[in-house]
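Participant: Below are the sequence and a predicted model for it; my questions follow.
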Amino acid sequence: MENQLKELFGAWIQAIGTVMAAVGSTPSLNEDFQKSLNLWGNALQGTGNALIADAQEGFSLGKLGDEVEAIGNTIVIAGLLLNYNEEIKKKLEINGNMLQAVGGGIALAEDLVDEPSTIRTLNIAGNVLQIIGNSLQAKGGIQELKSNAEKEDRFKGYKENNEFQEITHIQSLAINGSWIQAVGSVLSAIAQTMENIAVDQ
């Protein structure tokens, strides 16, 4: 019972964290506030993933996946906190998001072999959305790095309109990725809640 409650608590902490990070990706917000939301959102995601992993006894793909995701969150946090140049910070964020996607893929493998049910379907949908979300965020980060490198080779003002469109596209990848991940995380938390209710009955 204690482990079930820990897993449920971890699932909702993770869901709250992903929603916070998604809100933090909104460009219209103050930059410091965005960074704060992103930092705390990833901290909550990492804590939630660690709690879920800790609640599972023995080895399982689900546990391994949650541990990998928690490491991914920690790397994103390092990129936000450590005093590196912007390129290194962005690379840490990209690698952190990629690790979260890999962790989601590992956890997904376990759900795919379990007996089909409404709870399993929700879990699969939640994991797939989180994988897609993290992958989009990583892709956005890669394109941002590429765009920054290309800008150094251009004359100032040259292709200015195209640059604006490119930045908007990159921002939309990160924003959409964040919200897709948040929806997936909430679905997984709902699935965990349903599982706990089913066990109690």
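Facilitator: Everything's here; your move.
Participant: I'd like the average pLDDT over the helix or strand hosting Asn73.
Facilitator: Under DSSP states H and E, the secondary-structure element containing Asn73 is helix 61-81. pLDDT averaged over helix 61-81 equals 94, rounded to a whole number.
Participant: Any idea how far it is from the middle of the chain?
Facilitator: Mean C-alpha position of helix 61-81 versus that of the full chain (C-alpha atoms, centre = their mean, to the nearest Å) differs by 9 Å.
Participant: List the buried residues of the very next helix or strand once past that helix.
Facilitator: Toward the C-terminal end, the helix or strand that comes next after helix 61-81 (DSSP H and E) is helix 86-113. In terms of neighbour count (16 or more other C-beta atoms under 10 Å), helix 86-113 has its buried residues at 89-108, 110-111. To be clear about C-beta, it is placed using only N, CA and C from the backbone, and glycine gets the same treatment.
Participant: next one: stretch 187-196
Facilitator: Under the neighbour-count rule (16+ other C-beta under 10 Å), stretch 187-196 has Leu187, Ser188, Ala189, Ile190, Ala191, Gln192, Glu195, Asn196 buried.
Participant: Can you pull up the most central residue in the chain?
Facilitator: Note on the chain: the residue nearest the mean C-alpha position is Asn134, at 5.0 Å, using C-alpha atoms, centre = their mean.
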